[in-house]
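In: Here is my input, please return the structure:
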Amino acid sequence: MSGTADLMHSLWTKVQLEAPPLLQRLVIQRLHQAKEIARLLARPALPVYQLRGREPWGPLTVAWIGLEFARPALQSLLFTGDTIEEKIGSIPFWRHSELVKQPSSDIIIVSAAEHLIHKLPRDNAIVLPEYVRHILDVRGDWPDVRRRFHRSIRKNELRWMRKYGYHYDISRAPQHFEDFFQRMYLPTMKGRHGERSSPMSAGVARQYFRHGWLFRIFRNGDWVSGMVCHPKQDMLVTNILGLKSADAQLVHEGAVSATFFAAIQWANQHNYRAVNFLGTGPFINTGSFQHKRKWGTMVRVPPFLYRQIWISVQRHTPAVARFLQENPVVVVG
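Out: Residues are numbered from 1 along each chain as shown. Modelled structure (predicted):
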């Protein structure tokens, strides 16, 4: 992340945490706009990549144009095997008509600011939000909240919690945060996203921690996972989550579920209206989307969203049909 982008992110976080709600509504939209202006000034041309792979249904060629934030997730949905990736040029953002001129591609994907996406044609195309929010209503008695969980949460994942004796505490000790950030959060991000990982900066994460808490999850006395949360009016907002040494086995044994459970139960006990589990991509069948929905969350497109994804089908091949059928999405108008 560039120095300018870092500064804008830090200012945006400060406004979110410290400004009164009315000022937030007035300022956050302008901060988003300033971030996009800074991004365009830093990179006025959108890179163009060609991605090629073979599916059981046949070959697939995709033109990817623009920002990188959604590419890893989409690439994993488009291709099941090895992918050949080639940068074939760049297009200045003001020459938006050239974005749709990729005759050798079965699918064109443009990832860019909202104002640019609105200039692209909608025939044979859909527009996705950059991400969606997952909000869980935690009002009412605890049995009422628990009934909002999907039965797989109630019967299976909570069974893991009982089996391993998960329990939690809440810490505001800076040394606990530093240990969590270095030993849990960063390894988890790298394990999940590999070299394309783009973790939250330590400075921004510390801002959230100073205005909130660190939930620490223990198993037989061993600290195995954690999550930083902060309050926003009557909502508890989750920020970053991490597992000890990014151990995938802990996921299968309920450590992530124990972290979600702790935040939900605590928010209910302290009279919060909702828990905001932040974002996932707009791809409904992905693991992170499905896991958050199983807790009973409602899916919302954020009101201030300045980056979108435009997907246009150029050729209706068997591989394209497979992608469309197996990957339902949240769309915007």
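In: where in the chain is pLDDT low?
Out: Residues of the chain that meet the criterion pLDDT under 70 lie in 1-40, 193-197.
In: Do you have the strands of it handy? List them.
Out: Along the chain, the segments classed as strands by DSSP state E run 45-55, 58-66, 84-92, 107-113, 125-129, 132-137, 166-171, 213-219, 222-232, 235-243, 274-280, 298-300, 307-313.
In: got a list of contacts for the last one?
Out: So that's strand 307-313. Contact with strand 307-313 is made by 36, 67, 69-70, 74, 100, 106-114, 117, 120-121, 124-130, 282, 320, 324, 332, as judged by C-beta atoms under 8 Å, 6 or more residues apart in numbering. To be clear about C-beta, it is placed using only N, CA and C from the backbone, and glycine gets the same treatment.
In: Would you mark the buried spots in it?
Out: Using 16 or more other C-beta atoms under 10 Å as the test for burial, strand 307-313 gives 307, 308, 309, 310, 311, 312, 313.
In: From the chain's centroid, how far away is that strand?
Out: 17 Å (C-alpha atoms, centre = their mean, to the nearest Å).
In: in terms of contact, does residue 262 touch residue 214 like I think?
Out: No - at 11.0 Å, residue 262 does not count as touching residue 214 under the criterion of C-beta atoms under 8 Å.
In: Mind listing the shared neighbours of those two?
Out: residue 227.
In: list the contacts for the residue minimising distance to the centre of the chain?
Out: Nearest to the geometric centre of the chain sits residue 280, at 3.5 Å (C-alpha atoms, centre = their mean). Taking C-beta under 8 Å, 6+ apart as the criterion, residue 280 is in contact with 131, 132, 134, 286, 288, 289, 292.
In: Count the residues that sit near the third one.
Out: By other C-beta atoms under 10 Å, 23 other residues sit near residue 134.
In: Give the bridge partners for it, please.
Out: Residue 134 forms beta bridges with residue 299, as assigned by DSSP bridges.
In: and it, what does it touch?
Out: Applying C-beta under 8 Å, 6+ apart, the residues near residue 134 are 276, 277, 278, 279, 280, 292, 293, 295, 297, 298, 299, 300.
In: Ranking by neighbours, what's the top pick from those residues?
Out: That'd be residue 277 among the contacts of residue 134, by other C-beta under 10 Å, with 25 neighbours.
In: That one touches residue 296, doesn't it?
Out: No - in this structure, residue 277 is not within contact of residue 296 by C-beta under 8 Å, at 10.6 Å.
In: Mutual contacts of those two, please.
Out: Common contact partners of residue 277 and residue 296 (C-beta under 8 Å, 6+ apart): residue 136.
In: want to try JSON lines for the strands of the chain, with distance to residue 189 as columns?
Out: JSON lines is the format used below for the strands of the chain (distance: least, C-beta to C-beta, whole Å):
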{"stretch": "strand 45-55", "distance to residue 189": "23"}
{"stretch": "strand 58-66", "distance to residue 189": "22"}
{"stretch": "strand 84-92", "distance to residue 189": "22"}
{"stretch": "strand 107-113", "distance to residue 189": "20"}
{"stretch": "strand 125-129", "distance to residue 189": "22"}
{"stretch": "strand 132-137", "distance to residue 189": "19"}
{"stretch": "strand 166-171", "distance to residue 189": "21"}
{"stretch": "strand 213-219", "distance to residue 189": "17"}
{"stretch": "strand 222-232", "distance to residue 189": "13"}
{"stretch": "strand 235-243", "distance to residue 189": "8"}
{"stretch": "strand 274-280", "distance to residue 189": "14"}
{"stretch": "strand 298-300", "distance to residue 189": "23"}
{"stretch": "strand 307-313", "distance to residue 189": "20"}
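In: Nearest to residue 200 among those would be which one?
Out: Across these, residue 200 has its closest neighbour in strand 235-243 (5.8 Å, C-beta to C-beta).
In: and the closest one with strand 213-219, angle?
Out: Counting by axes from the mean of the first three to the mean of the last three C-alpha atoms, to 10 degrees, strand 235-243 lies at 50 degrees to strand 213-219.
In: Paired strands for strand 235-243, with orientation please.
Out: In the sheet, strand 235-243 lines up against strand 222-232 (antiparallel), strand 274-280 (parallel) (DSSP bridges).
In: so what's the closest residue to residue 84 other than its chain neighbours up against?
Out: Distances taken as C-beta to C-beta, 6 or more residues apart in numbering place residue 52 nearest to residue 84, at 4.4 Å, with adjacent residues excluded. Listed by C-beta under 8 Å, 6+ apart, the contact set of residue 52 reads 59, 60, 61, 62, 83, 84, 86.
In: Just the buried subset of those, please.
Out: Going by neighbour count (16+ other C-beta under 10 Å), those have 60, 61, 62 buried.
In: and which of those residues is nearest residue 94?
Out: Distances from residue 94 to these, taken by C-beta to C-beta, are shortest for residue 62, at 24.0 Å.
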